[in-house]
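I need the structure of the sequence given here:
(one chain, ligands or ions: 1)
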Amino acid sequence: MVLPLLLLAGVVRAGDLAIVNARIYPSPDAEPITDGTVLVRDGRIVQVGTAVEVPDGAMVIDAGGDTVTAGFWNSHVHPLPLPLREAATRSPAELEFALRQMFARWGFTTVFDIASFPSGNTATLRGRINAGEVAGPSLLTVDMPFFPADGTPSYVKDLLDSMTAPSAEVATADEARERARRQLADGADGVKLFIGAIVDDGTGVRLMDLEIVRAVVEEAHRAGKPAFAHPTTLEGIEIALAGGVDVLAHPTPASGAWSAELARRLVEEGVALTPTLELFEIEVRKENAPEAVVERIAGIAQQQLRVFHEAGGQVLFGTDIGYSDQADTRREFERMAGAGMDWRAILASLTTAPARRFGQDSRKGRIEAGMDADLVVLGSDPADDPQAFSGVRYTVRGGEVIHPAPWHRP
Ligand SMILES: [Zn+2]
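Presented below is the predicted three-dimensional model:
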């Protein structure tokens, strides 16, 4: 039975939240705890198990026997749609609503913005969330991406023109290095390179010079931060590998299938992948392509994820939401399962893998005493069907319920 959020009578001690009657998956490879309780105080998990006493006055969420996992990460997002790209001037209610529709509603407690405009906007949004003014996820950002000279992607040109944003193109390694340094010093958590930029001047794909890639990646690594790349073609992947990139932001369905050999090289070089599988269906459908073509292109992306996963590659869940307007994650989970990822592998891509990749695994990714109280309550068991990961009942970030509605403590 599903019970509503229940605020027990008595004095609420700030920080006390208990999720009771839960099937807890502490981590992707742990055995579930049935009929368990997670106790939260001051934003941290303090106790997990079957013999946890719920203090008087705690806020109680009854999971009704359903599943509780660590909060999800979406490692490929863009806070670009209005009102989010006007983070400085929009009201808390407007921003909060948009963040809930894009992220909290789907269980995301940490998201990585891997390209946004104008420069500094995501940091402003993060500041308003962290100050407690707006309920939302923990935000990481690469700030502005790096495009090759004459390589602003056709699909972002109009947006940039409408914002009169400065060019994000870089012509030389020195210029690129200088901007990378500045963005990282200003609080960026990584860098993003459009190694293969899709342009509409008839040439198709503009590739970035390896020298520029190396300069930007070097600055990111010097700061202990990751470098993301948009490869687009097999040549783009080779430049990413030679340049020391950490995460491929997409597979490359236009290039045809990936060989097991290519997957093995990516894994050997420690490159992670955000699959964004549903995105390709959406994009091809936009061109009014016949369903057979949609399925063929989406099938290639799925094959690429399959060989990468089989080779032991680190998969980071990511959807490109904010460029894509598909917030619902159901189809993405179906596609990932279709690529041979079982529910444990998918849970790892949502929790432990990104926490480890981005250096936050001592605080996030697992349900354990001492970890951040980032939690998701699902309506059914993903072990029965991975699409259950999209059926989110409650999202808790740092001990605060941010979905279904922000619940601020008195
Ligand atoms: Zn993207």
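
Spell out which residues of the stretch 201-350 of the chain are next to the ion.
320, 323 (CB under 5 Å from the ion). All C-beta atoms are positioned from the backbone trio N, CA, C, and that covers glycine.

ok, residue 126 touching residue 137?
No. Assessed by CB atoms under 8 Å, residue 126 is found out of contact with residue 137, at 9.5 Å.

Of those two, which one has the most company?
Set side by side, residue 126 and residue 137 show more neighbours around residue 137, with 27 against 22, by other CB atoms under 10 Å.

Any regions of the stretch 301-410 of the chain where pLDDT drops low?
Residues of the stretch 301-410 of the chain meeting the criterion pLDDT under 70: 405-410.

in it, which spans are helices?
330-338, 343-350, 352-357 (DSSP state H, counting those that start in this stretch).

The stretch 101-250 of the chain too?
Taking DSSP H, counting those that start in this stretch, the helices of the stretch 101-250 of the chain run over residues 121-130, 154-163, 173-185, 210-222, 234-243.

Need the ones you listed in JSON lines (columns: mean pLDDT).
Shown next, in JSON lines, are the helices of the stretch 101-250 of the chain (pLDDT from 0 to 100):
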{"stretch": "helix 121-130", "mean pLDDT": "97"}
{"stretch": "helix 154-163", "mean pLDDT": "83"}
{"stretch": "helix 173-185", "mean pLDDT": "97"}
{"stretch": "helix 210-222", "mean pLDDT": "98"}
{"stretch": "helix 234-243", "mean pLDDT": "98"}
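
So which of these is nearest residue 195?
helix 234-243 (4.6 Å; CB to CB).

Quick one: list the elements packing against that closest one.
strand 205-207, helix 210-222, strand 227-229, helix 260-268 (3 or more CB pairs under 8 Å, 6 or more residues apart in numbering; DSSP states H and E).

and the angle for it with helix 210-222?
Here helix 234-243 runs at an angle of 50 degrees relative to helix 210-222 (axes from the mean of the first three to the mean of the last three CA atoms, to 10 degrees).

What residues sit buried inside helix 234-243?
By neighbour count on 16 or more other CB atoms under 10 Å, the buried set for helix 234-243 is 236-241, 243.

Let me know whether residue 253 touches residue 304 as I believe.
Yes. With contacts counted by CB under 8 Å, residue 253 reaches residue 304, the gap being 7.1 Å.

Would you list the phi and psi of the one residue in the chain that gets nearest to the ion?
Residue of the chain nearest the ion, by CB to the ion: residue 320 (4.2 Å). Residue 320 adopts backbone torsions of phi 70, psi 20, taken as degrees, to the nearest 10.

Now do the same contact list for it.
By CB atoms under 8 Å, 6 or more residues apart in numbering, the contact set of residue 320 is 76-78, 249-250, 276, 279.

now with 10 Å?
74, 76-78, 114, 249-250, 274, 276, 278-280, 282-283, 326, 332 (CB atoms under 10 Å, 6 or more residues apart in numbering).

residue closest to the middle of this structure?
In the chain, the residue lying closest to the centroid (CA atoms, centre = their mean) is residue 74, at 1.5 Å.

how much space is there between that residue and residue 329?
Note on residue 74: its distance to residue 329, by CB to CB, to the nearest Å, is 8 Å.

Give the residues shared as contacts by these two.
With CB under 10 Å, 6+ apart as the test, residue 74 and residue 329 both reach 106-108, 317, 319, 321, 350.

hang on, the earlier thing: would you turn the helices of the stretch 101-250 of the chain into TSV with distance to residue 95?
Formatted as TSV, these follow (distance: least, CB to CB, whole Å):
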stretch	distance to residue 95
helix 121-130	7
helix 154-163	18
helix 173-185	23
helix 210-222	28
helix 234-243	34
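
Please name whichever of those helices is nearest to residue 366.
Comparing the helices of the stretch 101-250 of the chain under CB to CB, the one sitting nearest is helix 121-130, at 22.7 Å.
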